[in-house]
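# 3D, please:
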Amino acid sequence: MKIKSRSDDFIVDEYLDLPRFSSTGEYVIYKLEKSGLSTLDVVTQLVRKYKIPDREISFAGMKDRYALTSQYLSIRSNKTREIREKNFTLTPLGRAVRPVGPDLLRKNRFKITLRGLDKILIPKIVSNLYEVSKYGFPNYFGEQRFGSIRHGGEFLAKYLMLEDFEEALKIYLTQWSSKDRSRIKEFKKFISRHWGNWEECLKVSLPPNERIIISYLRDHPRDFVKALNLVNPRMLFLYVAAYQSYLWNKMTSEYLRINFREEELMKFHYAAGEMVFYKTISDELLKEFIQTQIPLLDHKVEFAEEKIKDIAEMIIRREGVSTGSFRLNKIKKAFFKSVPRNLIVFPVELETYDPSPDEIYPNKFKLRVSFFLPSGSYASVLLRRIEIGKQKTEITFG
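Next comes the predicted model:
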């Protein structure tokens, strides 16, 4: 099964409660439509090309680079303008009294084309989809949440917790992904080779934020804490969120393991570890799962169930960190925050369309599906869940 062979194979539309519009509002609300760029890529372009301060730009949810997406964004500004670039457009909708934020996001609609399918397997895929709509699936954070560890397998935020600030900064400045542009790979490899020789590091072409950090290190070569506090706050948030999401995924996998026998579970490996899914579930257990929430961890997390607390303490111990270390005392622009997250989630308004020959993969078929998921839930996880029994399917992104 092939996913995202083309940008329009994966369409995501954001649904939120727009702020109240007012002609005197200080925020301009925009509809952002993009392809080939992440939400942060767009923000970076707005900051660099249009000289819009980063702190004045707000959005509700992060949207993937490898998709055709629409979402909402606000800019605190006296100016209202339409922006059209190669890979994105910003269309002004009006002024509002408050910015767009995650609290306004309700759900996302996904329209996905599954490609490279054997025709004989399509009925099973459809059956699996409707099975998931009936029984739900674990609300794991998807693989795109862990882009920062594709290449190194290290979590920057864990080193912040351990107060190994040099290693945390090294991860930020030197680890690169296979999907990074060649220029990014080259400067990160260069910094890795010349780590500590900050004058030499400044000789290579650097993005603005990295140049600011290394310039500071040239003058204060061991002040890694201040250097980390110079990292773009949005980027630090992503690193913290990645580790917090990884811990939540591990807690959820353990929770499922204590409720099912091993042979009742399906397992999938991903960049940050392993996800487990149940095949079928009793009505009684399903009712329990629907009511169960597992919290994201921070230094003052509270647990509704003792068994969830026990699982969390076991995982924290295995990680070699402590509950208290979630309080990042020396980092001003990043923090862990505990919020409850539903154990399982359901796709709603699921629709499948008649399969047709695949114009990309000869002698194969494609199947279009659409559904809604609550905000913060991942369609990529649902697609992992419908992996077909003994048929080895390949889910590719891009």
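# give the contact list for residue 254.
Applying Cβ atoms under 8 Å, 6 or more residues apart in numbering, one finds that residue 254 lies in contact with 311, 314, 315. Every C-beta, even on glycine, is put in place using the N, C-alpha and C of the backbone.
# wouldn't residue 100 be in contact with residue 73 here?
Yes. Between residue 100 and residue 73 there is a contact under Cβ atoms under 8 Å: 6.1 Å.
# When those two are compared, which one has more neighbours?
Ranked by neighbour count (other Cβ atoms under 10 Å), residue 100 and residue 73 place residue 100 first, with 27 against 21.
# hang on, the earlier thing: what is in contact with residue 100 and residue 73 at once?
Common neighbours of residue 100 and residue 73 (Cβ under 8 Å, 6+ apart) are 29, 58, 59.
# Could you save those as a markdown table and add columns showing secondary structure?
As requested, the shared contacts of residue 100 and residue 73 are exported to a markdown table (DSSP: H, G, I helix; E, B strand; the rest coil):
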| residue | secondary structure |
| --- | --- |
| 29 | strand |
| 58 | strand |
| 59 | strand |
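# Pick out whichever of these sits closest to residue 364.
Top of the list for closeness to residue 364, among the shared contacts of residue 100 and residue 73 and by Cβ to Cβ, is residue 59 at 36.7 Å.
# ok, and the closest non-adjacent residue to the closest one?
Once flanking residues are discounted, residue 59 sits nearest to residue 73: 4.6 Å by Cβ to Cβ, 6 or more residues apart in numbering.
# For residue 327, see how far away that neighbour is.
31 Å (Cβ to Cβ, to the nearest Å).
# what's the neighbour count on residue 235?
Neighbour number of residue 235 under other Cβ under 10 Å is 16.
# Same question for residue 362.
Residues near residue 362, counting by other Cβ under 10 Å, number 8.
# Which of the three states applies to it?
Under three-state DSSP, residue 362 falls in the coil class.
# got the contact list for it?
The contact partners of residue 362, taken as Cβ under 8 Å, 6+ apart, number zero.
# For it, give me phi and psi.
Per-residue torsions, residue 362: phi -60, psi 140 (degrees, to the nearest 10).
# Without its sequence neighbours, what residue ends up closest to the spatially most central residue of the chain?
With distances taken as Cα atoms, centre = their mean, residue 145 lies nearest the centre of the chain, 3.0 Å away. Leaving aside its chain neighbours, residue 145 sits nearest to residue 245 (4.9 Å; criterion: Cβ to Cβ, 6+ apart).
# that's a helix at that neighbour, yeah?
Yes. Membership of residue 245 in a helix is supported by three-state DSSP.
# For the spatially closest residue to residue 12 that is not a sequence neighbour, which three-state class applies?
Counting by Cβ to Cβ, 6+ apart, residue 69 is the residue found nearest to residue 12 once chain neighbours are left out, at 4.4 Å. Counting by three-state DSSP, the backbone at residue 69 sits in strand.
# Pick out whichever of the contacts of residue 254 sits closest to residue 214.
Set against residue 214, the nearest of the contacts of residue 254 by Cβ to Cβ is residue 315 (35.3 Å).
# With only the CA atoms kept, save the host helix or strand of the closest one in CSV.
Residue 315 is part of helix 306-319, with elements assigned from DSSP states H and E. The C-alpha coordinates for helix 306-319 follow below in CSV (Å, rounded to 0.1, in the frame of the first residue of the first chain):
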residue,chain,number,x,y,z
GLU,A,306,-3.3,3.6,39.7
LYS,A,307,-2.3,1.2,36.9
ILE,A,308,-1.6,4.1,34.6
LYS,A,309,0.5,5.7,37.3
ASP,A,310,2.4,2.4,37.7
ILE,A,311,3.1,2.2,34.0
ALA,A,312,4.3,5.8,33.9
GLU,A,313,6.7,5.3,36.8
MET,A,314,8.1,2.1,35.2
ILE,A,315,8.7,3.9,31.8
ILE,A,316,10.3,6.9,33.5
ARG,A,317,12.6,4.6,35.5
ARG,A,318,13.6,2.7,32.3
GLU,A,319,14.4,6.0,30.6
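# Which positions in that helix come out as buried?
Residues 308, 311, 312, 315, 316, 319 are the ones in helix 306-319 that count as buried (16 or more other Cβ atoms under 10 Å).
# Can you add pLDDT and distance to residue 259 and give those back as a markdown table?
A markdown table is the format used below for the buried residues of helix 306-319 (pLDDT from 0 to 100; distance: Cβ to Cβ, whole Å):
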| residue | pLDDT | distance to residue 259 |
| --- | --- | --- |
| 308 | 97 | 12 |
| 311 | 97 | 11 |
| 312 | 97 | 16 |
| 315 | 97 | 17 |
| 316 | 97 | 21 |
| 319 | 96 | 23 |
